[in-house]
Structures are given as C-alpha cells and as structure tokens.
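# give me coordinates for this.
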Amino acid sequence: MIKGAPIFLCLAVGALVTLGLVMLASTSAKWDMTDDQYYYLTKQSRWLGVGIVMMIGLAMLDYRKLRYIAWPALAVTCAALVCCYLPGIGVSSHGESRWIILPGIGQFQPSEPAKLFIMIALATWYAKNQAEIGKFWRGFVAPGVVLAVPLLLILFEKDMGTAVALGTAGILVMFIAGSRIRYLVPSALLACSAFIVMVMSNDNRMERITAFMDLDQHRLGVGRQQWLALRAFGNGGHDGVGLGDGVVKQMSFPEHHTDFIFPVIGEELGLWYTMGVVFCFVVIFLMGAAMSLNASDLFGRILGLGVTSVIVIPAMMNIGVTTALLPNTGLPLPFVSYGGSNLVFTMAMVGVLLSLHRKGMVVDTTALPPEKDAKFELKL
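Numbers count the residues shown, from 1 in each chain. From the prediction side, this is the model:
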C-alpha cells in the first residue's frame with residue numbers, strides 16, 4: 001500500500017478538485033446569464049494553477065530542507081496575521097478580520113499558510129529536541145508557545161472555526177510527537193473552557209449555537225444557512241436533481257459557493273457523490289498517515305501527520321456543519337470550496353506529503369547533521 005499511496009492520494013485530490021470546479025461552474029451561474037456568470041470558476045482555475053505549481057515544487061524538494069525556513073516563515077506568517085488587525089490592510093467580513101490586501105494578489109487569508117508553517121515549526125522543534133520531548137519546558141511549554149502565538153492571533157480575528165481546527169491538529173501533533181499526556185489533557189481542558197467562555201460572551205456566536213439547537217425556529221435568521229443545507233440534501237435524495245438544476249442555491253443561500261458548497265453537491269448530484277467526497281477525504285487521511293509513518297526521520301513523521309491533520313480536520317468540520325451535526329463555524333471544504341488562499345496552500349501540503357514519499361524512504365545522511373532518531377511512545 002505504501003508504494004501506491006501517492007497514486008491514491010493524487011487520485012483523491014484530483015477528484016475533489018475536479019468536482020469543485022464543476023460545482024463552481026454550477027453555483028456561480030446566474031439566472032440573468034451575465035458576462036461574469038463564471039467569475040468564481042475562472043478565478044479558482046487560476047489559483048489552482050498556482051497551487052499545482054507549488055505542489056510540484058514541494059514534491060520535488062527534499063522535505064528536510066523545510067527545517068531551514070521554519071522560524072523565518074513562522075515569523076512572517078505571524079506578522080501577516082497581525083496585519084489583519086491594521087486599518088487599511090486588514091479586511092473585515094461578517095464580523096471577522098481574517099483577510100489582508102496584498103499588492104498584485106488581492107485579498108489573502110494569512111491563516112492558510114499559517115497551518116503549514118506551524119506544522120513545519122513544530123516538527124523542527126521536536127526533531128531538534130528529541131532527547132527532551134518528555135520534559136515539561138522543551139517537550140511541552142516551548143512547542144506549546146509555537147502553536148499558541150499564531151493560534152491566538154487567528155482566534156482573536158474571530159475566526160474560531162480555523163482556530164479550533166488548527167488547535168486540534170496541533171494538540172494531536174504534540175501528542176504523537178511524545179509530549180506527556182499529563183501536560184496535554186489539562187491544557188486541552190483549559191483551552192476548551194476558555195473557548196466556551198469566549199463563545200458565551202459573544203452574542204453572534206451564542207445566536208449560532210441557539211439556532212443550531214432548533215433550525216426550524218431560526219430558519220429565517222441565523223440558522224438559515226444550515227436549514228437550507230438540510231433542505232438541499234433532502235431535495236437531492238439519492239440521485240440528485242441534476243447538475244445545474246439545484247433550486248436551493250437560488251434561494252438567497254449565503255456562501256453556497258464557499259462554506260456551503262457541500263449541500264449543493266448533495267442536491268444536484270445526490271447521496272452517492274456526497275459519500276464519494278467523504279470517501280476521498282478518508283483516502284487522503286489514510287494515505288497521508290501511511291506516508292508519514294514510513295518517513296525516515298522524526299521530522300518527516302511529525303510534519304506529515306501534521307499537514308494531513310490540517311487538511312482532514314477542517315474537511316470533517318465543514319461536513320459536520322453543513323449536515324447540521326455541528327454549529328456553524330465558517331470553514332471551507334478543502335479542494336472543493338471557492339477560495340484561492342485555501343486551495344493554494346492545501347495543494348502545497350499535498351506536495352509536502354509527496355516529498356515525504358519520494359525522499360523519506362531513503363535516509364540521506366549528508367542532508368543534515370546526524371542525530372539520534374526517536375520512536376513514538378505513549379508517555380504519561
């Protein structure tokens with residue numbers, strides 16, 4: 001299975017990207033047939049080209065060299081996250097300040113590259129301090145700070161969905177790397193408590209929770225997106241109403257081309273396609289984990305499992321939200337939803353996994369100074 005892992009990974013990613021482009025053609029088409037009816041499709045196609053170039057470039061690169069850019073890249077990413085708060089640079093939408101304007105690029109979301117660079121930094125730290133992974137300061141506090149600084153910047157942008165997904169992936173990476181459970185569990189509980197307090201102190205978030213508990217009662221207000229999503233799934237049934245023939249997307253369905261594109265798939269193409277999407281993400285998880293666990297060094301194993309987590313966890317959260325299993329978090333569906341920043345850096349993460357397979361099976365002792373490798377151990 002390891003030899004064929006890159007093939008299955010690329011097939012799953014290719015299927016999701018293709019489906020995303022097809023659905024953007026459907027969701028962006030308007031009844032008035034204006035000249036810009038395929039605006040989202042055209043723009044997404046351009047970003048896909050950039051993403052493919054980044055994926056190929058990183059796949060051809062020896063993943064070990066990413067250790068040399070870990071700290072500068074993380075610092076630049078944190079600076080970009082700070083810029084989200086600056087008037088004239090940061091862009092706010094729906095009460096969230098998660099975008100900046102870059103010359104020649106336009107609107108850009110710094111939290112997307114942050115996912116990749118946080119995982120590179122964590123993997124670099126643990127690989128350098130293998131002998132002290134079980135210690136409090138070097139095995140828990142220091143990597144915890146590496147995770148917490150950008151995570152807090154994202155959280156206070158009011159992008160709680162990304163913060164939860166990234167925090168979950170970060171805690172998982174720290175656990176896998178060998179940080180002791182007796183440090184991680186209290187920290188996770190404290191983080192959950194703080195998150196609950198932040199939600200309860202924010203009227204908009206509390207409205208989303210209240211609406212989630214009774215979507216029918218709030219179908220004309222905050223719960224409209226999830227209520228319409230369920231109507232779309234119900235209308236599509238097993239076989240769907242046909243590509244382009246969806247009705248719910250025309251009913252003032254907010255974000256039906258981004259965060260809520262999954263219900264449009266369900267309505268137009270039916271249950272089997274939505275199950276296919278879930279299956280593709282299961283394949284990505286299994287292939288990513290397989291390639292990561294067979295890497296030749298600790299850095300590769302942690303990095304691979306980290307990037308696999310930050311691809312799959314947001315996907316599962318998006319599917320949970322659009323099927324009304326979770327409160328609305330505002331996360332896109334990787335590879336499928338419209339969004340250049342997300343698509344480019346998710347494709348880049350796929351390139352990292354491909355590099356792990358290409359280079360990770362053979363130990364290159366000249367690439368980096370020799371160091372004693374560590375095995376994953378469950379430590380209390």
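# what's the burial count for the nearest residue to Ala289 once chain neighbours are set aside?
In this structure, Ala289 finds its nearest non-sequential neighbour in Thr308, 6.0 Å apart by Cβ to Cβ, 6 or more residues apart in numbering. From N, CA and C alone the C-beta is placed, and that goes for glycine too. Residues contacting Thr308 under the criterion other Cβ atoms under 10 Å number 28.
# show me the contacts for Thr308.
Contact analysis of Thr308 by Cβ atoms under 8 Å, 6 or more residues apart in numbering lists Ile284, Phe285, Gly288, Ala289, Ser292, Leu353.
# so it is in which element?
In this structure, Thr308 sits in helix 298-322 according to DSSP states H and E.
# go on, Thr27?
Under the criterion DSSP H and E, the helix or strand holding Thr27 is helix 5-28.
# elements contacting the helix or strand that comes right after that helix?
If you walk from helix 5-28 toward the C-terminus, the next helix or strand you reach (DSSP H and E) is helix 39-60. Under the contact criterion of 3 or more Cβ pairs under 8 Å, 6 or more residues apart in numbering; DSSP states H and E, helix 39-60 touches helix 5-28, helix 340-360.
# quick one: which of the ones you listed is nearest Gly139?
Shortest distance between Gly139 and the helices and strands packed on helix 39-60, using Cβ to Cβ, is found for helix 340-360: 23.5 Å.
# packing partners of that closest one?
For helix 340-360, the contact count by 3+ Cβ pairs under 8 Å, 6+ apart identifies helix 5-28, helix 39-60, helix 111-128, helix 271-293, helix 298-322 as packing neighbours.
# can you rerun that using 10 Å?
In terms of contact count using 3 or more Cβ pairs under 10 Å, 6 or more residues apart in numbering; DSSP states H and E, helix 340-360 is assigned the packing partners helix 5-28, helix 39-60, strand 106-108, helix 111-128, helix 271-293, helix 298-322.
# list the buried residues of the last one.
Neighbour-count burial for helix 298-322, with 16 or more other Cβ atoms under 10 Å as criterion, is recorded at 298-319, 321-322.
# could you dump the longest strand along the chain to PDB, C-alpha only?
Longest among the strand segments of the chain by residue count, using DSSP state E, is strand 96-102. Once side chains and other backbone atoms are set aside, the C-alpha atoms of strand 96-102 remain, and they are given as PDB (Å, rounded to 0.1, in the frame of the first residue of the first chain):
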ATOM      1  CA  GLU A  96     -14.400  38.600  11.200                       C
ATOM      2  CA  SER A  97     -11.000  40.200  10.300                       C
ATOM      3  CA  ARG A  98      -9.200  37.300   8.700                       C
ATOM      4  CA  TRP A  99      -8.000  38.800   5.400                       C
ATOM      5  CA  ILE A 100      -5.400  41.300   4.200                       C
ATOM      6  CA  ILE A 101      -4.900  43.000   0.900                       C
ATOM      7  CA  LEU A 102      -1.600  42.300  -0.900                       C
END
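# so what secondary structure elements neighbour that strand?
Going by 3+ Cβ pairs under 10 Å, 6+ apart, strand 96-102 lies up against helix 70-83, strand 90-93, strand 106-108, helix 111-128, helix 160-177.
# can you list contacts of that strand?
When contacts are taken as Cβ atoms under 10 Å, 6 or more residues apart in numbering, the neighbours of strand 96-102 outside the stretch itself are 80-86, 88-93, 106-112, 154, 156-162, 204, 330, 341.
# one more pass at 6 Å, please.
Cys83, Cys84, Ile89, Gly90, Val91, Gln107, Phe108, Gln109, Glu157, Lys158, Asp159 (Cβ atoms under 6 Å, 6 or more residues apart in numbering).
# list the beta-bridge partners for the fourth one.
This means Gly90. For Gly90, the beta-bridge assignment (DSSP bridges) gives partners Ile100.
# that one: neighbour count?
Count around Gly90 with other Cβ under 10 Å applied: 18.
# OK, contacts around Gly139?
With contact set as Cβ under 6 Å, 6+ apart, Gly139 has these partners: Glu132, Ile133, Ser179.
# what's the average pLDDT for stretch 274-294?
Stretch 274-294 comes out with an average pLDDT of 95.
# just the closest of the contacts of Gly139 to Tyr126, please.
For Tyr126, the nearest member of these is Ile133. The distance, counting by Cβ to Cβ, is 6.1 Å.
# list phi and psi for that closest one.
The main-chain torsion angles of Ile133 are listed as degrees, to the nearest 10 and equal phi -60, psi -40.
# against Gly288, how distant is the closest residue to Val283 other than its chain neighbours?
Take Val283 and drop its neighbours on the chain: the residue closest to it by Cβ to Cβ, 6+ apart is Ala12, 4.1 Å away. In this structure, Ala12 lies at 10 Å from Gly288, with Cβ to Cβ, to the nearest Å as the measure.
# give me the more crowded residue out of these two.
For Ala12 against Gly288, the residue with the higher neighbour count under other Cβ under 10 Å is Gly288, and the figures read 27 against 24.
# the more buried one is in contact with Leu354, isn't it?
No. In this structure, Gly288 is not within contact of Leu354 by Cβ atoms under 6 Å, at 10.2 Å.
# tally of neighbours for His257?
The local packing of His257 (other Cβ under 10 Å) involves 22 other residues.
# and it, what is it in contact with?
The contact partners of His257, by Cβ under 6 Å, 6+ apart, come to Thr27, Tyr40, Tyr338.
# of these, which is the most crowded?
With neighbours defined as other Cβ under 10 Å, the most crowded of the contacts of His257 is Tyr338; it has 26 neighbours.
# make sure Gly104 is indeed in a helix.
No. According to DSSP: H, G, I helix; E, B strand; the rest coil, the state of Gly104 is coil, so it is not within a helix.
# chain center to the helix holding Thr308: distance?
Here the centre of mass of C-alpha atoms in helix 298-322, compared against the chain's by Cα atoms, centre = their mean, to the nearest Å, lies 7 Å away.
# same question, stretch 224-233
Computed by Cα atoms, centre = their mean, the chain-centroid distance of stretch 224-233 equals 23 Å.
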